[in-house]
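Colleague: I'd like to go over a predicted model; first the sequence, then the structure.
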Number of protein chains: 2
Amino acid sequence: MTQQGFTLWLTGLSGSGKSTLTTALADIFRERGCSVELLDGDEVRTHLSKGLTFSKEDRDINVRRIGYVARLLARNGVIVLTAAISPYKDIRAEVRAEHEAANVPFFEVYAQASLKALSERDVKGLYKKALAGEIPHFTGISDPYEAPINPEVTVHTDRDTVAESISQILGELERRGLIGRGS
Amino acid sequence: MTQQGFTLWLTGLSGSGKSTLTTALADIFRERGCSVELLDGDEVRTHLSKGLTFSKEDRDINVRRIGYVARLLARNGVIVLTAAISPYKDIRAEVRAEHEAANVPFFEVYAQASLKALSERDVKGLYKKALAGEIPHFTGISDPYEAPINPEVTVHTDRDTVAESISQILGELERRGLIGRGS
């Protein structure tokens, strides 16, 4: 094994920058010669969870599946980046526990941004629709989001730049010995 | 990357020895220091496909999911062994095509055994029940099995010993350069 695998689990509201961060991190890790897989919420829904709704039960199933695949990959030396909203903390805790039972590091990153900021930015126009009641089960509006209590890192994506958030995440990964010092 | 990843896809009727073969192969590869993951039909159903039935549509979804996870692992240097009945040849062909598009070797092994031999052996008593009409969608009895036309290897598990089948598979893997010569 040339590399320590781990799962970097990004959680946060829609539009909080999860995909932006995981894409940027994936590029950095690949440049360093690491094996990387990105399990994006939408991609995983297509491949593993087609037909599931956004009810709590179905969201939980989706998150468990992402956790299962992430764990398989990470225990084989892959750096796995996930970017699903994953709003419920009990299921995130379950995925963490399964990683720990398999001796696979689980590194939770909370992409924090205020609902106000996200609604104002609203890149995809989803918040507007959700606030108008047009999207049922919309996390943060008509569906709960349970913020992590003790994540490995919290990045403030409504305040800091992408570069600042990335730097913060890399710093903590290095401090924990999950990646080497950047070149 | 210290190792070439690939997917070794075992297909065959219930009781044809798929799990026996993949378990034995996994041990051999691990002894040689390779990263190995075994995606067994039942385990995958629990983690990725709970709630799916044995209709053609649902079987296809299950097989596609196994194929997706296998491909992710194999392209990161893992030897992936799958042991799902995977009765339909169009879906196996689809999984093969996706592997090839990602430059991941796909190695199909057909565990061939006659229905007569399987019904007589009937370790789990399933054939008896299926023949009595108690199990709907039972592959080979009340559901079709489409044998591979051009698998990388066909092993005859109703005639040969496990050791003979293993030797045949390893020989072909070596011939294709997917594994080194055994020590």
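Modeller: Nice, I can see it. The model shown is predicted, which means the values in this text are computed figures rather than measured ones.
Colleague: tell me the contacts of the residue lying closest to residue A:137 once chain neighbours are set aside?
Modeller: If you skip the residues right next to it in sequence, residue A:137 has residue A:54 as its closest partner in space, 3.8 Å away by Cβ to Cβ, 6 or more residues apart in numbering or on different chains. (Glycine included, C-beta is placed from N, CA and C.) Going by Cβ atoms under 8 Å, 6 or more residues apart in numbering or on different chains, residue A:54 touches A:136-137, A:143.
Colleague: tell me the phi and psi of residue A:54?
Modeller: Taking degrees, to the nearest 10, you get phi -110, psi 20 for the backbone angles of residue A:54.
Colleague: how many neighbours does residue A:108 have?
Modeller: Residues near residue A:108, counting by other Cβ atoms under 10 Å in any protein chain shown, number 22.
Colleague: repeat for residue A:102
Modeller: 12.
Colleague: so how far is residue A:25 from it?
Modeller: 22 Å (Cβ to Cβ, to the nearest Å).
Colleague: just residue A:9 next, same as before
Modeller: 12 Å.
Colleague: higher neighbour count, these two?
Modeller: Between residue A:9 and residue A:25, residue A:9 has the larger neighbour count (other Cβ under 10 Å), namely 30 against 23.
Colleague: what about that one, is that helix, strand or coil?
Modeller: State at residue A:9, reduced to three classes by DSSP: H, G, I helix; E, B strand; the rest coil: strand.
Colleague: Please apply the same query to residue A:127.
Modeller: helix.
Colleague: burial measure for the closest residue in space to it that isn't next to it in sequence, as a count.
Modeller: Distances taken as Cβ to Cβ, 6+ apart put residue A:119 closest to residue A:127, at 4.3 Å, once the chain neighbours are dropped. Close neighbours of residue A:119, defined as other Cβ under 10 Å, add up to 16.
Colleague: show me what contacts the residue nearest to residue A:13 when sequence neighbours are not counted?
Modeller: Among residues not flanking residue A:13 along the chain, residue A:140 sits closest, at 4.7 Å (Cβ to Cβ, 6+ apart). Listed by Cβ under 8 Å, 6+ apart, the contact set of residue A:140 reads A:13-14, A:115, A:118, A:130.
Colleague: Name the next helix or strand following the helix or strand of chain A with the lowest mean pLDDT along the chain.
Modeller: Least confident helix or strand, chain A: helix A:41-48 with a mean of 85, by mean pLDDT, DSSP states H and E. Remark: after helix A:41-48, the chain's next helix or strand is helix A:56-74, criterion DSSP states H and E.
Colleague: I'd like the contacts of residue A:140 written out as TSV, with neighbour count added.
Modeller: TSV is the format used below for the contacts of residue A:140 (neighbours: other Cβ atoms under 10 Å in any protein chain shown):
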residue	neighbour count
A:13	24
A:14	22
A:115	16
A:118	22
A:130	21
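Colleague: What is the nearest of these to chain B?
Modeller: Nearest to chain B out of the contacts of residue A:140 is residue A:14 (Cβ to the nearest Cβ; 24.2 Å).
Colleague: I'd assumed residue A:126 was in contact with that closest one.
Modeller: Yes - taking Cβ atoms under 8 Å as the definition, residue A:14 is a contact partner of residue A:126 at 6.0 Å.
Colleague: Could you measure from the residue nearest to residue A:127 over to residue A:58?
Modeller: From residue A:119 to residue A:58 the distance is 25 Å (Cβ to Cβ).
Colleague: Tell me which residues of the least confident helix or strand of chain A come out buried.
Modeller: Within helix A:41-48, the residues that count as buried by 16 or more other Cβ atoms under 10 Å in any protein chain shown are A:41, A:44-45, A:47-48.
Colleague: a markdown table please, covering those residues and showing distance to chain B.
Modeller: Output for the buried residues of helix A:41-48, formatted as a markdown table (distance: Cβ to the nearest Cβ, whole Å):
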| residue | distance to chain B |
| --- | --- |
| A:41 | 15 |
| A:44 | 9 |
| A:45 | 12 |
| A:47 | 4 |
| A:48 | 6 |
